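**Student:** model the following, please.
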Amino acid sequence: MDFKPKKSVFTRLYPIISGCLLLAPVFVSNLGCNKEILQLPSREEKLPRMIGSTAAPYGLEPMEVMGYGVVVGLPGTGGNIPQGPARSAALGMLTQQKMEKPTEFLASKEAAVVLVRGKVAPGAKVGDLFDVEVKCLDEDRQTTSLRGGFLLLSSLKDVADVRELSEKGGNPEYRTGFEWAFANGPVMLATGQESDSRKGRVVAGARLKKERPLALLIRSEYSKKADQAMLIGAAIDDRFRVQASGSFAKIADPKDSKYITLRVPDQYRYNIPRYLEVLTRIPYEAGSAEKLMWQKQCSEDLLNPDKCFEAALRMESLGGEVQPYLMRGCKHQNLKVRFASAEALAYLGISAEAADTLAEVARKSPEMRPYALTALSAVQDTACATRLRELMAQDSVETRYGAFVALRTAHPTDLGLKVVNSRESGYAIFEVAPQSKPMLHVSTTGKPEIVFFGKGHSLMAPCSLTAGPELVVTMREGETECTVSLTEVGGKVVKRRCQATVPAVLTQCMQLGASYADVVDFLKQASVGHNLECNLVVDGMPRLIPWTELARAELPVQ
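**Tutor:** Predicted coordinates for the structure are as follows:
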């Protein structure tokens, strides 16, 4: 197989998205390595040969997958489409899912045929979830809105063009590309004046069927030397060696003289770009004396604010032996130096010593905050968990929610996370930081979750809020209870009374079977109508800036 990497891999590293920084989907498109700051050494530097001088990462771009789907449960806003590939595919899916009279169903205005698109992140593993977008087709002139709809199980493939989804030889089955994922779930529409009701999103609606591995390509001038791949593979395994069930799990697997497949160590699971940055800086043709000299040079550069980011990466590539130098850097007066040192320590598994510094950075520097929070979640350490719980009580919205995501990711069973969850509902409700300022957060990307910070989340009367075609919440002036109504299939209306607090209302919605899209719609309406006692925050992730801007930013030094 002839792999051809795209130009300037260090400027095109794709983090997360959703693989990537755990603080996740919103960060992903903005993060990347760049040759200006995280560059390999210049020719003037005396250094051992690094992996990045011989091999380049491959498979760093997000891979688009798509397929046709059918959105059902529409309240008369759906529409039929003319004969063609999309209609044939939709009828095939409905027949496969044992829908009676599929042709009549498509014409009932309760359904719409849509195009489903998603992106598979580099290094994604089997079972990973990711968002998908759904959009009405151009030939669909009848569908007016997807609000309240539910996407039936749809197959997603890696195709280069929508037309390649079409039938071949009269057979409506897809024949182009590999089936990478299945997608289904409630459709959530965007809000605002510019929103389009004919397209929406299913949050975490797709599940990956096949691992998407990363790889290294040996540069052409070295590819004829078979021993280069073996030397590089051995150097990577020596650096990231992990023992599992009595044997060492291989991180690098040289397939031939040109191609090495890579596994992602657990501590880099949510920061793949950093893993590749560190990996490409591993010295692989150096004796012990040369490594010691290199270690000394890097330790000196670490204390220079203009060189500390690059120096920390180089030291991290050397492994745990550099711990004393990094711990010294954590005590430096300059915030950049402290942060670079602590971040490297965290990914080396020595996060207890780095926890205080990373928490300090998360509080003081909005620019470095997302990186610090991700590092705090790199390993399951009690000191880091304590700092994250403390950060959830800060005033900054980004700090609070970013710390929650980090804690939920690294310590899902932490006592600081009180969760109300239903397997059937497909989303979770959390109550955290009870002594902090009240705040309510919802996500429209990455993970379907609602988070209550602090206490005091009352629903304010009077209100009559309708979410989707089925959910209604009403309360009269002076009442301390409200009514939650849900219309079931067949038209039966189920009503329940509960206390007029938002957690109580959402618990009733979840138990009645309301979808995540409906619940988020209800909360947005309540916020606009001033029916919430606290502020509602949507997608309040810390803002991620590229490393170039980070290194040039005028950050506090104390």
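**Student:** quick one: secondary structure of Gln511?
**Tutor:** The three-state label given to Gln511 by DSSP: H, G, I helix; E, B strand; the rest coil is helix.
**Student:** burial count for it?
**Tutor:** By other CB atoms under 10 Å, 16 other residues sit near Gln511. Yep, even glycine has a C-beta here, placed from its N, CA and C like the rest.
**Student:** name the helix or strand for the residue located most distally from the centre of the chain, please.
**Tutor:** Using CA atoms, centre = their mean, the residue of the chain lying farthest from its centre is Gly478. It sits 42.9 Å away. Assigned by DSSP states H and E, Gly478 falls within no helix or strand.
**Student:** how about the contacts made by it?
**Tutor:** For Gly478, the contacting residues are Ala461, by CB atoms under 8 Å, 6 or more residues apart in numbering.
**Student:** swap in Thr382?
**Tutor:** Neighbour list for Thr382: Ala352 [criterion: CB under 8 Å, 6+ apart].
**Student:** how far out from the middle of the chain is stretch 481-494?
**Tutor:** What separates the centre of stretch 481-494 from the centre of its chain is 34 Å, taken as CA atoms, centre = their mean, to the nearest Å.
**Student:** next one: stretch 411-419
**Tutor:** Worked out by CA atoms, centre = their mean, stretch 411-419 lies 20 Å from the chain centre.
**Student:** now that stretch: mean pLDDT?
**Tutor:** Averaged over stretch 411-419, pLDDT sits at 91.
**Student:** CA atoms only: put that stretch into CSV for me.
**Tutor:** Extracted as CSV, the C-alpha positions of stretch 411-419 are listed here (Å, rounded to 0.1, in the frame of the first residue of the first chain):
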residue,chain,number,x,y,z
HIS,A,411,-12.9,9.8,37.7
PRO,A,412,-16.5,8.9,36.5
THR,A,413,-17.4,7.4,39.9
ASP,A,414,-16.0,10.3,42.0
LEU,A,415,-18.2,11.2,45.0
GLY,A,416,-18.2,14.8,43.8
LEU,A,417,-20.4,13.8,40.8
LYS,A,418,-23.9,13.2,41.9
VAL,A,419,-25.6,11.7,38.8
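**Student:** now do that stretch: everything it contacts.
**Tutor:** With contacts defined as CB under 8 Å, 6+ apart, stretch 411-419 is touched by 380, 385, 388-389, 392, 404, 407-408, 428-433.
**Student:** repeat that with 10 Å
**Tutor:** Residues from elsewhere that reach stretch 411-419 (CB atoms under 10 Å, 6 or more residues apart in numbering): 377, 380-382, 384-386, 388-390, 392, 404, 407-408, 428-434, 449, 451-452.
**Student:** just the residues you listed: which are in helices?
**Tutor:** Residues of the contacts of stretch 411-419 located in helices (DSSP state H): Thr382, Cys384, Ala385, Thr386, Leu388, Arg389, Glu390, Phe404, Leu407, Arg408.
**Student:** which of these lies closest to Leu348?
**Tutor:** Ranked by distance to Leu348 (CB to CB), those are led by Cys384 at 13.4 Å.
**Student:** contacting residues for Leu391?
**Tutor:** Each residue near Leu391 by CB under 10 Å, 6+ apart is listed here: 358-359, 362-363, 369, 372-373, 376, 399-400, 402-404, 406-407, 433.
**Student:** what's the closest non-adjacent residue to it?
**Tutor:** Closest residue to Leu391 apart from its sequence neighbours, by CB to CB, 6 or more residues apart in numbering: Ala403 at 3.6 Å.
**Student:** which residues does that neighbour contact?
**Tutor:** Counting by CB under 10 Å, 6+ apart, Ala403 has contacts 23, 359, 362, 369, 372-373, 376-377, 387-394, 396, 432-433, 542.
**Student:** could you list the low-confidence segments of the protein?
**Tutor:** Low-confidence segments of the chain, defined by pLDDT under 70: 1-46, 160-176, 192-194, 223-226, 242-248, 421-424, 489, 547-558.
**Student:** hey, where'd the helices end up in the stretch 101-250 of the chain?
**Tutor:** Using DSSP state H, counting those that start in this stretch, the helices found in the stretch 101-250 of the chain span residues 102-106, 226-240.
**Student:** okay, the ones in helices among the contacts of stretch 411-419 in TSV with distance to Ala190 next?
**Tutor:** Formatted as TSV, the ones in helices among the contacts of stretch 411-419 follow (distance: CB to CB, whole Å):
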residue	distance to Ala190
Thr382	40
Cys384	35
Ala385	35
Thr386	38
Leu388	30
Arg389	33
Glu390	34
Phe404	23
Leu407	28
Arg408	25
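**Student:** drop anything exposed from the residues you listed.
**Tutor:** Buried residues within those, counting neighbours by 16 or more other CB atoms under 10 Å: Cys384, Ala385, Leu388, Arg389, Glu390, Phe404, Leu407, Arg408.
**Student:** what about the residue nearest to the second one when sequence neighbours are not counted, neighbour count?
**Tutor:** The reference is to Ala385. Nearest non-adjacent residue to Ala385, counting by CB to CB, 6+ apart: His411, 4.9 Å away. The number of residues packed near His411 is 19, by other CB under 10 Å.
**Student:** Asp238: neighbour count?
**Tutor:** Close neighbours of Asp238, defined as other CB under 10 Å, add up to 13.
**Student:** ok, Lys135 next?
**Tutor:** 17.
**Student:** ok, it - contacts?
**Tutor:** Applying CB under 10 Å, 6+ apart, we find Lys135 in contact with Gly69, Val114, Leu115, Val116, Arg117, Leu146, Asp196, Arg198, Lys199, Gly200, Arg201.
**Student:** repeat that for 7 Å
**Tutor:** Val114, Leu115, Arg198, Lys199 (CB atoms under 7 Å, 6 or more residues apart in numbering).
**Student:** any idea how far Val419 is from Pro265?
**Tutor:** Using CB to CB, to the nearest Å, Pro265 is found at 28 Å from Val419.
**Student:** which of the two has more neighbours?
**Tutor:** Pro265 (18 against 14).
**Student:** I'd say the more buried one and Arg241 touch.
**Tutor:** No: Pro265 is beyond contact range of Arg241, at 9.4 Å (criterion: CB atoms under 7 Å).
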